[in-house]
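Peer 1: Just need the structure, nothing else, for what follows:
(2 chains)
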Amino acid sequence: MLGFLKEPVVVTVEINMNVMVLTLMGLISRLWGLSYPRAVVFDEVYYGQFVSLYMKRIFFVDDSGPPFGHMLLALGGYLGGFDGNFLWNRIGAEYSMNVPVWSLRLLPALAGALCVPLAYQILVELQFSHCAALGAALLILLENSLITQSRFMLLESVLIFFILLAVLSYLKFYNLKKHSSFSGSWWFWLLLTGVACSCAVGVKYMGLFTYILLLTTAGLHFWHVIGDQNLSNVSLMCHFLARGLALIIIPVAMYVSFFYVHLTLLYRSGPHDQIMTSAFQASLEGGLARITQGQPLEVAYGSQVTLRNVLGKPMQCWLHSHTNTYPIRYENGRGSSHQQQVTCYPFKDVNNWWIVKDPGMQQLVVSNPPRPVRHGHIVQLVHGITTRYLNTHDVAAPLSPHSQEVSCYIDYNISMPAQNLWRVEIVNRESDTDVWKTILSEVRFVHVNTSAVLKLSGASLPEWGYRQLEVVGEKLSKGYHQSMVWNVEEHRYGKSLEQKEREVELHSPTQMDISKNLSFMAKFTELQWKILTLKNEDTEHKYSSSALDWITMDTNIAYWLHPTSSAQIHLLGNVVTWASANVAALIYTCLSLWYLIRRRRKIYDIPEDAWQLWVSAGGICLGGWAVNYLPFFGMEKTLFLYHYLPALTFQILLIPIVLQHISDHLCRSVLLKSMFTALIVAWFSSVYFVYCTFSPVTYGEPSLSVTELKDLRWKDSWNILIRKQ
Amino acid sequence: MRAPRPAHPPRTPSPGLRRARPGAAGHTALRMPAAGRGRAEPGLPRQRESRAPRRLPAHPAAPPAAARPAALALVILLSFASRFHRLAEPPHVCWDETHFGKMGSYYINRTFFFDVHPPLGKMLIGLAGYLSGYDGTFPFQKPGDRYEQHNYVGMRGFCAFLGSCLVPLAYLTVLELSKSLPAALLTAFILIFDTGCITLSQYILLDPILMFFLMGAVLSMVKCNSCADRPFSASWWFWMSLTGVNLAGAMGVKFVGLFVVLLVGLNTMYDLWDLLGNLSLSLVMFGKHLLARVLCLILLPLALYTAMFAVHFTVLNKSGPGDGFFSSAFQSQLIGNNLHNISVPEHVAYGSVVTMKNLRMAGGYLHSHWHLYPEGIGARQQQVTAYLHKDLNNLWIIKKHDSDTADPSDPSIPVEFVRHGDIIRLEHKETSRNLHSHQHEAPLTRKHFQVTAYGINGTGDSNDFWRIEVVGRQAGKLIRVLRGQVRLTHVATGCMLGSSGKILPKWGWEQLEVTCTPYLKETPNSLWNFEDHINPKLPNISLDVLKPSFAEILLESHMVMIQGNTALKPKDNEVTSKPWHWPINYQGLRFSGVNETDYRVYLLGNPVIWWLNLVTIGLYLLITVSAAVALKRGVQLTSELKDLSRVVLRGGGQIMLGWLLHYLPFFMMGRVLYFHHYFPAMLFSSMLTGITWDTLLKFCAMFLSPSATARKVYGAGFLALVLLIIYSFYLFHPLSYGIIGPMASDPSSPMAGLRWMDSWEF
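Peer 2: Next comes the predicted model:
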């Protein structure tokens, strides 16, 4: 039993000095003088506010991506003891002493530094020589744009790190599996692939492209496994399930867990509350919850309620009325009913209160016991302050002439009878006898006479309507739309019999105690949906660019300018690397096509295993470039140069692959080979030279003189800042 | 040709029966429903009875050799009967007829208009109307307008004819792919009895035309593939060039035709790849194959496509509602346009009086008027806007920035031309104020600077100086009228004069906002050209010199169409149709009528058929995956099974690819989408259903091996499917042929109990 003691315990450590040195160099290049400049640099102004909100545990919604990236940045702040007190309002603002700049920037810088050894390992796993791998790592190391992007509180370097990690672990997994399926390391690399993918997607949705690429690759490889007839059907099934678990189920679970952590951390109400539904807001500490805590749950006849539109666009608002009437004639000559205006008002106001009345009874108080309103019941809605009934009729609405005007009915005695019956339809009901619940129920009001639906049109009324939002009766209600759905936000059971008393009651705050909690999945779906559908309008930016500018680097981004000297930081790539990467991609495509066509005619230029290597390397690198770049042509958001960096990383990895291939297979004589090597050395020194030349604008020091800056402007389209003397 | 029309009471137009489109005027008031009632049509039941027995001979047990021509004849007959039945009803404008009928009239009247689709479909509609005696005088103002004495049946008949041809085309395609008569018949029945396909074929719309060319292309592609064993034979050439012709037709009707071009392109690439791997074929032969395909599938369609634009521009030579979308140079070609046949001085000089047009589509002229910006919106100076109409307030005088050139009519002062890079001042002629900008925020686009008119009698300050530059020219060059694209850079702040395209509120008379943008991007928003040009000291030249070439016109019209397409964006509070709604038949489109008293036509697929199609797609994927895995695992199959799997993988694969290509891209489109966009994909889906069920039934029959039972199982399954389809059509046919009477919620309605989904609106 104790046989293992007979042998001495031997630990053999193998250290690849290449990787060590590369890691060290990466760390030096990325971490050097990290807390300089001690000022807000470019998008730090954007991410910083979220870090602050994390520190203060205040809820926010960011439509730019999922929360994992923000959480990582916040982790840096947490480790550095940041209290969140900093006003992120201006690029270039000096950081106050309480901001731990170094630790905030540490994680992205570490991620950026680790990309260097990752690049090395990827090429090794693609079965290229250590020399080529070293070249790839050095190119990544000396790429100015990647350095700049890593050194600040930004997410691209983290994204690139996870993408490369996912690719590397998949390659490790793939190279392993021939010998040892279901072994420890097999599982480790497979699971790591899934985890890294979900982290990449969790940092930015861009990570999805690489995830899809890897899934496709895995699918193709699995197709070969299916063809392996030595494998029994059972073990084939096991292979399939293992991959499904690691590459689909675990990433999805992790993605959801990011949101779980996000929602657990952020439990206080904050600036983005209004985007969310009332139910969500009520689940946060402070804010709406303070008001709604203790409201009665079930809406009953006689309830006093405020009705919030669920859509929340263009802004959150509540159904409102006031004593002013619609003008007899609008500016364009059309007539109105001249009855009392009904609008949607974006602020809390006593005029937002409505009373739910039973059409068959006169009283406006809740009976004892309360009679709850259920789905399908017919009610009247009485405006609390003016005691007029919500009404709609066949008159065109002021701004949306296709829809009906909604008013509070005034009897002018002109043969236009009141039509004030509304059927309550609970949209999210579970059964047809559901009770109308405060906050939780989403309700449509269907007009009984005309079957029009009460709807927020989104247009804002002119002066006569105090710029409040228009409410209409939509006759052609086409299915479900959030603008037609309302929910009760504030609610109390009315007790006052007299109008005077009731007015006093309406002005008083509601109180009673019942708490309403949403399940995590409900919160997750709502938040996820809001992130995906929230649109920032009109985000024109001075440094925005189009995807086509990126290949040739026709554009740059000025990140920071010293307040007094002309020291400055730009996102500007290494020109030689960018150009060579493009050339490499072009050569790769042409050569592959050439080989492919020749192979089809049964002419084999290179040995079969070299061809396999060439194809798989290209599939990953060129494919990675394509999936991370081409989708931007179809996107309609504001684009910046830094969006190209993941694609660029893949393209850079292609350079040594092409170089080694040329030297191995195309340079047939020794002379040619040595000439080619000399050429590579010369080219590499030019890469280094360009890196050195541009390092002042990469690191922000030293400050250059005007002429030096002008000399740096290699392209007319670059915007290098020169102070006017 | 006149169709008998039943007398109908006057009908109220209903909003929502028409899609918004640039240039279409919305109506302004909601009307009270009219008191009239529609009349029940007595002809309907009789028609149904007469058709039912004829269907019976389509039993699959019939011997194939004799059955084929008979089956085809039956399919054609049923198809035409179902499409032409009650074609003239309702005798008023339905849904998008208001657009396409109107555009057909434009061709007949030869007035220029603008539409987001290429011209072929509308030209054919116009031609059909012309041939059938429609004179182009009906205004097609809004859905619900009655045609009265105008002859509209010709145009509807043309669309219905093409729509009827779809069925035989699909039948032949499936027959060719599966070599199975029942599969083809099943497809044909699905299409014949689908209420959606019938409705969409009965009105003056582009869709039947588009789908005709699309199916034509698919059929000829499939036919051409099966001629592959005798390349360069007459039939090979015929089918290949027919593919090209149909591709041009599909592209010429709507840009959605691009998807079928992709389908054919992929098929051709696969084909060529196959030929390349065939070592018995010499490279010269391969070159011939390649050339033949380039000729038939690229050059021929391109030539036809260009030709139809040539016809389009030749026919439409009169000024019309589409002028404003095009550049000044283009407008000068249209008879009746104020730029037609005028002559202006060619180069801009100091002292010239000019108008400047923004190069954005429908950009407007640089404009100012005596009114000031209101309190609180930038500086309280005179407004500068972009105005779409010709007006005296659009006139500006070009002056030197440093000296006030004296009276330009003074002959003693020599003419001095404005050159690229000069610094100028623009004085508004009516108010004598200078174009001015400063660091106040613009009224709507807050990140831009405000542009005003400033100064008295031409004296202002240094914020009135603008540098004028021509795109793509060097310093010192003269600036041409109309064709020179000019940008104006504000000297003091470095921003560029542009129009944001946003509409100012009432204080700005709802004209377009003009701003000075600090983002120096070259977009049409910040480019201008000189249009009118008055300078008595310069010789006038005729604008014909500036006549744009055909290639330029072609390019410009495509740019305008693409912009128009992307501008069709849904608004926030609008309920829009989503691509995932379509295959589940979630919601239809109201073609005609809203209220109980109206003659209502509702575009909705026959739900039984559509859900069958949907299930079949899942079924197909299941079958394909299992067949492919079985083959990959080296399972030994009988020759019959091999045949079946070949049909499913090859033939079904092509159809599946067609469905994917015609459906998935819609998920990525930002523009407004409608239910009827799914119909091309639905054609593919129906063909897939035919092939899949035929295969499935054959497979089941093979499983129950004794041949007599097998026959029975197969026959019974086929018959059950066909009867199911016919019965569902019997239930839902009023959707296409008109519902009169109460809504479906009322038990006395013809559609009572058939509103299976709450989202259906009948």
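Peer 1: Please make it C-alpha for all contacts and neighbour counts, starting now.
Peer 2: OK.
Peer 1: hang on, B:K357 in a strand?
Peer 2: Yes. Assessed by DSSP: H, G, I helix; E, B strand; the rest coil, B:K357 belongs to a strand.
Peer 1: from memory it sits against B:Y387, does it?
Peer 2: No. Applying CA atoms under 8 Å as the test, B:K357 and B:Y387 come out as separate, 9.2 Å apart.
Peer 1: out of these two, which sits in the busier spot?
Peer 2: With neighbours defined as other CA atoms under 10 Å in any protein chain shown, B:K357 and B:Y387 compare such that B:K357 has more, 27 against 24.
Peer 1: helices or strands next to the host helix or strand of B:I190 in the packing?
Peer 2: B:I190 belongs to helix B:181-192 when assigned by DSSP states H and E. When contacts are defined as 3 or more CA pairs under 8 Å, 6 or more residues apart in numbering or on different chains; DSSP states H and E, helix B:181-192 sits against helix B:64-84, helix B:153-178, helix B:679-703, helix B:707-732.
Peer 1: Any stretches of the chain with poor pLDDT?
Peer 2: Here I'm looking at chain A. Applying pLDDT under 70 to chain A picks out residues A:1-5, A:177-179, A:293, A:476-479, A:497, A:499-500, A:502-517, A:535-540, A:724-725.
Peer 1: Wait, chain B was what I had in mind.
Peer 2: Residues of chain B meeting the criterion pLDDT under 70: B:1-66, B:361-362, B:404-412, B:474-475, B:543-546, B:567, B:570-575, B:705-706.
Peer 1: so which of the helices and strands packed on helix B:181-192 is the most packed in?
Peer 2: helix B:153-178 (a mean of 25; mean count of other CA atoms under 10 Å in any protein chain shown).
Peer 1: before we move on, back to that, now distance to A:F689 too, for the helices and strands packed on helix B:181-192, in TSV please.
Peer 2: Supplementary listing: the helices and strands packed on helix B:181-192 in TSV, determined by distance: least, CA to CA, whole Å:
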stretch	distance to A:F689
helix B:64-84	74
helix B:153-178	63
helix B:679-703	56
helix B:707-732	75
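Peer 1: Just to check, B:N565 is in contact with B:P118?
Peer 2: No. Judged on CA under 8 Å, B:N565 makes no contact with B:P118 at a distance of 11.3 Å.
Peer 1: In terms of neighbours, single out the busier of the two.
Peer 2: Higher neighbour count among B:N565 and B:P118: B:P118, with 22 against 19, using other CA under 10 Å.
Peer 1: need the residues of the stretch 401-550 of chain B near chain A, please.
Peer 2: Residues of the stretch 401-550 of chain B lying close to chain A by CA under 8 Å from any CA of the partner chain are B:P518, B:Y519, B:L520.
Peer 1: What's the end-to-end length of stretch A:199-214?
Peer 2: Start and end residues of stretch A:199-214 are separated by 14 Å (CA to CA, to the nearest Å).
Peer 1: Just send the helices and strands packed on helix B:181-192 back as JSON lines, with distance to chain A too.
Peer 2: JSON lines is the format used below for the helices and strands packed on helix B:181-192 (distance: least, CA to the nearest CA, whole Å):
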{"stretch": "helix B:64-84", "distance to chain A": "28"}
{"stretch": "helix B:153-178", "distance to chain A": "27"}
{"stretch": "helix B:679-703", "distance to chain A": "20"}
{"stretch": "helix B:707-732", "distance to chain A": "21"}
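Peer 1: Which of those helices sits closest to A:A246?
Peer 2: helix B:679-703 (33.9 Å; CA to CA).
Peer 1: what's the offset of the closest one from the middle of its chain?
Peer 2: Offset of helix B:679-703 from its chain centre (CA atoms, centre = their mean, to the nearest Å): 30 Å.
Peer 1: and if you look at stretch A:575-590?
Peer 2: Using CA atoms, centre = their mean, the mean C-alpha position of stretch A:575-590 is found 31 Å from that of the whole chain.
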